[in-house]
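**Q** Sequence and predicted structure below; questions after.
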Amino acid sequence: DAAKVAGVLREVLADAGMTGYPKTSGGRGIHVLVRIRPEWDFIDVRHAVIGLAREVEKRIPTLATTAWWKEERGERVFLDFNQAARDRTIASAWSVRGTPRATVSMPLTWDQVSDVDPDDFDVFTVPDLLKANGNAHQDIESEVFGLETLLEWYEKDGRGEMPYPPDYPKMPGEPKRVQPSRARPDTE
């Protein structure tokens, strides 16, 4: 399912005039890297990612979600907008994860995404794959993009801010930070 969602994410990025570079996370997920011009602040980048995620969710609502609370997600793939939180970083390409098999966050081409099995990439297999196939992200430095379209989508959507991670201070416009099933009228 993550591969299917990544394919729609690719289409949405293309509609925004952007190119993304997929990679395995080293776990179950797929990360998509997009180079942006360094002219936006943290809040703009966050809102652009939320706008992007909501557009994917709108196109495939039975498969993808931006619902922060697990109880609201069901079996849908979570588009983790909080990877754009101030102190969050994604697993860097080629990094080794702390798993028993030492899986690796592997750069992919879009053609590889639909058939990928993240367990195929570990410290023993990746060196030979890199030699045989080269670096799928070798062109990532060639383009940088603006966030204008994604920020327009965020504003047009009208739903506003999403919950921040629990270790963040409460932010302006942020919805309640409590699971819907535990929410009381007096909780924030």
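**A** Everything's here; your move. These numbers come from a predicted model, not from an experiment. Residues are numbered from 1 along each chain as shown.
**Q** First-to-last residue distance for stretch 73-86?
**A** 24 Å (C-alpha to C-alpha, to the nearest Å).
**Q** The helix ranked longest in the chain - contacts with which helices or strands?
**A** Determined from DSSP state H, the single longest helix within the chain is helix 42-59. Packing partners of helix 42-59 (3 or more C-beta pairs under 8 Å, 6 or more residues apart in numbering; DSSP states H and E): helix 2-15, strand 64-65, helix 148-157. All C-beta atoms are positioned from the backbone trio N, CA, C, and that covers glycine.
**Q** how distant is that helix from the center of its chain?
**A** Distance, stretch centre to chain centre, for helix 42-59: 10 Å (C-alpha atoms, centre = their mean, to the nearest Å).
**Q** got the CA coordinates for it in PDB?
**A** What follows is helix 42-59, C-alpha atoms only, in PDB (Å, rounded to 0.1, in the frame of the first residue of the first chain):
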ATOM      1  CA  PHE A  42       9.700  26.300   9.200                       C
ATOM      2  CA  ILE A  43       5.900  27.000   9.300                       C
ATOM      3  CA  ASP A  44       5.700  27.500   5.500                       C
ATOM      4  CA  VAL A  45       7.500  24.200   4.900                       C
ATOM      5  CA  ARG A  46       5.200  22.400   7.400                       C
ATOM      6  CA  HIS A  47       2.100  23.900   5.700                       C
ATOM      7  CA  ALA A  48       3.400  22.900   2.300                       C
ATOM      8  CA  VAL A  49       3.900  19.300   3.400                       C
ATOM      9  CA  ILE A  50       0.400  19.300   4.900                       C
ATOM     10  CA  GLY A  51      -1.000  20.700   1.700                       C
ATOM     11  CA  LEU A  52       0.800  18.000  -0.300                       C
ATOM     12  CA  ALA A  53      -0.400  15.200   2.100                       C
ATOM     13  CA  ARG A  54      -4.000  16.400   2.000                       C
ATOM     14  CA  GLU A  55      -4.000  16.500  -1.800                       C
ATOM     15  CA  VAL A  56      -2.800  12.800  -1.900                       C
ATOM     16  CA  GLU A  57      -5.400  11.900   0.700                       C
ATOM     17  CA  LYS A  58      -8.100  13.700  -1.400                       C
ATOM     18  CA  ARG A  59      -7.200  11.600  -4.400                       C
END
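**Q** buried stuff in that helix?
**A** By neighbour count on 16 or more other C-beta atoms under 10 Å, the buried set for helix 42-59 is 45-57.
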